[in-house]
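Enquirer: what's the 3D shape of this:
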Amino acid sequence: MTLPAWFRERAGVTLPPTRRTALRLGVTGALGWSLPHCLAITQAADSPATRPAARNVLVILEQGGMSHMDTWDPKPDTVAEHRSPFKPIDTNVPGMRFTELLPRTATVADKLAVVRSMHHAKGGADAHPNGTQYVLSGSHPAGAAIEMPDIGSVVSHLIGSTCKYLPPYVMVPGNDEQAGETRTGFLPAATRVFKTGGRDLSDPAWTLQGVVPRAENQGPRLDARHGLRDALDRQQVRGPSAAGFDLGGMDRFYDQAFEMLTSPKVAEAFDLKRESAKVRESYGQGHRGACYLMGRKLIEAGVRFVTVDVRWPLTREVPGGFNLNWDHHDLIYAKGSCGTVRDKAGGEGRYGIGHWVMMGSVDRAFAALIGDLDARGLLAETLVCFVTEFGRTPRLNKHQGRDHWTKAYSIAFAGAGVRGGQVIGKSDREGGYVQDMPYTPEDYAATVYEKLGVDRGRPLYTPSNRPVFFGHGGSPIPQLM
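Expert: Below is the predicted model:
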């Protein structure tokens, strides 16, 4: 079904304060679901002339600036005092090597394309907030004339989703600093990402709040409210109202909203208990494995654009681990905690990169995710992007940590026609600067849009009808197409 033009272009406009709209807003509030979330339930726009390579996108955002020379881009020949202690290992692709922190991922290297030549072509976006915003939007945030939306918001606006009962753009869990950098920019509120929240998704007691309707509003009460709406509808004249709004289109929207709230598939999509013990174990115990698995479940449900933004929470198992992202400014190679007192370079609250809650859990969960998507037939039409906002310095600082570095870093792709088993680009001997095939976050964004069949030649429009072109700062990475 194609949505009315007014909805696609002006979904964020406020309806006139009529009795009818007031009652509808009251119904959505009683059901525990906000209007922006309801507006996010859209259908696919007109089909492109050719079928795009990707039907869905799953972004693994490992925020904090993951060290590339300790993971995807081993540098065994750099000077000893700055060399990673983690040795290169072979993968299942001859000549393609990762470090020993990725032994399980090495077994699925034939499905991966690793870009070792990512960099920021201009200054700025070298802190976590603006760096994260950069990778989420594919648009450099410094000095922009207009705030650009997330890639997921653009996709939500232009394509929507075939999944009727869930938003087209979902972030799991979306409750840490990187989640605060999501943007709708000039797009309607309907394109805002839905964040699942949740301190620890591996906790058996975790449930998604705000999606499943409240118990007191189910059954006869919900039916009565839906009936009241129908009665009011029958009193309205069909077609555009005096205010110029297509009430018939709004009826279709509210029918979708009620279907979402009453569908048992909503609870199923977020219920990890439905997964077998074998599958849960394959992703690994703890928060990261649960988040990656939730990403797969949402892709399987048909959500168009999913971002998984893991940060392991503070638990009894990780004392002092209150900031477990990749910002290893000090003691990056600690066997356990990097410390809890801010007396060095700001790396407190983390564990060393080789610890289980850091790369150990990433390696297990990511390898399981790729294998699981492939076994279920989902990888062929799902573009998987493993990204971080920048890399780490090629040289250790005086606190035995590595600082922010935008001159060279690595990201990885799989699925949706990406040829696996390849390394794209090259950094120098230390991993400090790109030597071959330089690519930027703008190129990453253009690749995602191209894979989805999004026409970057057509502009988006602001509420004042100003055309804004997107995705023109870069070009699709040709080796991935």
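Enquirer: for the closest residue to Glu147 other than its chain neighbours, give its distance to Leu293.
Expert: Ranked by C-beta to C-beta, 6 or more residues apart in numbering and with sequence neighbours excluded, the top spatial neighbour of Glu147 is Gly185, at 4.6 Å. In this view, the C-beta of every residue, glycine as well, is placed from N, C-alpha and C. Relative to Leu293, Gly185 is positioned 31 Å away (C-beta to C-beta, to the nearest Å).
Enquirer: more neighbours, the two?
Expert: Leu293 (25 against 19; other C-beta atoms under 10 Å).
Enquirer: can you verify the more buried one is assigned to a helix?
Expert: Yes: looking at Leu293 with DSSP: H, G, I helix; E, B strand; the rest coil, it is inside a helix.
Enquirer: how about the nearest residue to it, chain neighbours excluded?
Expert: Nearest one to Leu293, counting by C-beta to C-beta, 6+ apart, is Tyr283 at 4.7 Å.
Enquirer: ramachandran angles for that neighbour?
Expert: phi -80, psi -20 (degrees, to the nearest 10).
Enquirer: cool, and the one 5 residues further on?
Expert: Dihedral angles of Arg288 (phi, psi; degrees, to the nearest 10) stand at phi -60, psi -50.
Enquirer: spit out the contact partners of Gln479.
Expert: 113, 419, 422, 424, 437 (C-beta atoms under 8 Å, 6 or more residues apart in numbering).
Enquirer: any idea how far it is from Ala368?
Expert: Applying C-beta to C-beta to Gln479 and Ala368 gives a distance of 26 Å.
Enquirer: likewise for Ile353?
Expert: On the measure of C-beta to C-beta, Ile353 and Ala368 end up 20 Å apart.
Enquirer: of the two, which one has the most company?
Expert: A direct count of neighbours by other C-beta under 10 Å for Ile353 and Ala368 places Ile353 higher, at 27 against 23.
Enquirer: pretty sure the more buried one is touching Asp330, no?
Expert: No: applying C-beta atoms under 8 Å as the test, Ile353 and Asp330 come out as separate, 11.8 Å apart.
Enquirer: can you tell me which residue is nearest the centre of this protein?
Expert: Thr307 (1.6 Å; C-alpha atoms, centre = their mean).
Enquirer: and it, helix, strand or coil?
Expert: Classified using three-state DSSP, Thr307 is strand.
Enquirer: who's in contact with it?
Expert: By C-beta under 8 Å, 6+ apart, the contact set of Thr307 is 59, 61, 136, 152, 169-172, 174, 193.
Enquirer: repeat that for 6 Å
Expert: Applying C-beta atoms under 6 Å, 6 or more residues apart in numbering, we find Thr307 in contact with 59, 61, 171.
Enquirer: how is this structure divided into domains?
Expert: 1-32+212-264, 54-209+270-480 (automatic domain parsing).
Enquirer: rewinding a little: write the PyMOL selection for whichever of the contacts of Gln479 are buried.
Expert: Of the contacts of Gln479, the buried ones go into a single PyMOL selection, burial set by 16 or more other C-beta atoms under 10 Å:
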select buried, resi 113+422+424
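Enquirer: Lys451 - that's part of a helix, no?
Expert: Yes: judged by three-state DSSP, Lys451 forms part of a helix.
Enquirer: for the residue lying closest to it once chain neighbours are set aside, give me its contacts.
Expert: Closest residue to Lys451 apart from its sequence neighbours, by C-beta to C-beta, 6+ apart: Ala54 at 4.0 Å. By C-beta under 6 Å, 6+ apart, the contact set of Ala54 is 383, 416, 451-452.
Enquirer: just send the residues you listed back as JSON lines, with neighbour count, pLDDT and distance to Lys278 too.
Expert: Putting the contacts of Ala54 into JSON lines (neighbours: other C-beta atoms under 10 Å; pLDDT from 0 to 100; distance: C-beta to C-beta, whole Å) gives the following:
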{"residue": "Leu383", "neighbour count": "26", "pLDDT": "98", "distance to Lys278": "26"}
{"residue": "Ala416", "neighbour count": "24", "pLDDT": "97", "distance to Lys278": "27"}
{"residue": "Lys451", "neighbour count": "25", "pLDDT": "98", "distance to Lys278": "31"}
{"residue": "Leu452", "neighbour count": "23", "pLDDT": "97", "distance to Lys278": "32"}
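Enquirer: could you dump these to JSON lines with distance to Gly289?
Expert: JSON lines is the format used below for the contacts of Ala54 (distance: C-beta to C-beta, whole Å):
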{"residue": "Leu383", "distance to Gly289": "22"}
{"residue": "Ala416", "distance to Gly289": "23"}
{"residue": "Lys451", "distance to Gly289": "26"}
{"residue": "Leu452", "distance to Gly289": "27"}
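Enquirer: nearest to Cys338 among those residues?
Expert: Leu383 (33.8 Å; C-beta to C-beta).
Enquirer: give the helix, strand or coil label for the closest one.
Expert: Going by three-state DSSP: Leu383 is strand.
Enquirer: bridging residues for it?
Expert: Taking DSSP bridges as the rule, Leu383 bridges to Val57.
Enquirer: hey, where'd the helices end up in the stretch 101-250 of the chain?
Expert: Along the stretch 101-250 of the chain, counting by DSSP state H, counting those that start in this stretch, helices occupy 128-137, 151-158, 220-234, 247-262.
Enquirer: kindly report the same for the stretch 251-400 of the chain.
Expert: Counting by DSSP H, counting those that start in this stretch, the helices of the stretch 251-400 of the chain are 264-269, 277-283, 287-301, 361-375.
Enquirer: please save the CA atoms from the second one in PDB.
Expert: Included here for helix 277-283 are C-alpha records, laid out as PDB according to Å, rounded to 0.1, in the frame of the first residue of the first chain:
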ATOM      1  CA  ALA A 277      19.200 -22.800  24.600                       C
ATOM      2  CA  LYS A 278      21.500 -23.800  21.800                       C
ATOM      3  CA  VAL A 279      21.000 -20.500  20.000                       C
ATOM      4  CA  ARG A 280      21.300 -18.400  23.200                       C
ATOM      5  CA  GLU A 281      24.600 -20.200  24.000                       C
ATOM      6  CA  SER A 282      26.000 -19.700  20.500                       C
ATOM      7  CA  TYR A 283      25.700 -15.900  21.000                       C
END
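Enquirer: list of residues touching it?
Expert: 289, 292-293, 365, 368.
Enquirer: low-confidence ranges in the stretch 251-400 of the chain?
Expert: 251-263 (pLDDT under 70).
Enquirer: for the domains of the chain, which one ends up most surrounded?
Expert: Counting by mean count of other C-beta atoms under 10 Å, domain 54-209+270-480 has the highest mean neighbour count of these, with a mean of 20.
Enquirer: next one: it to chain centre, how far?
Expert: 8 Å (C-alpha atoms, centre = their mean, to the nearest Å).
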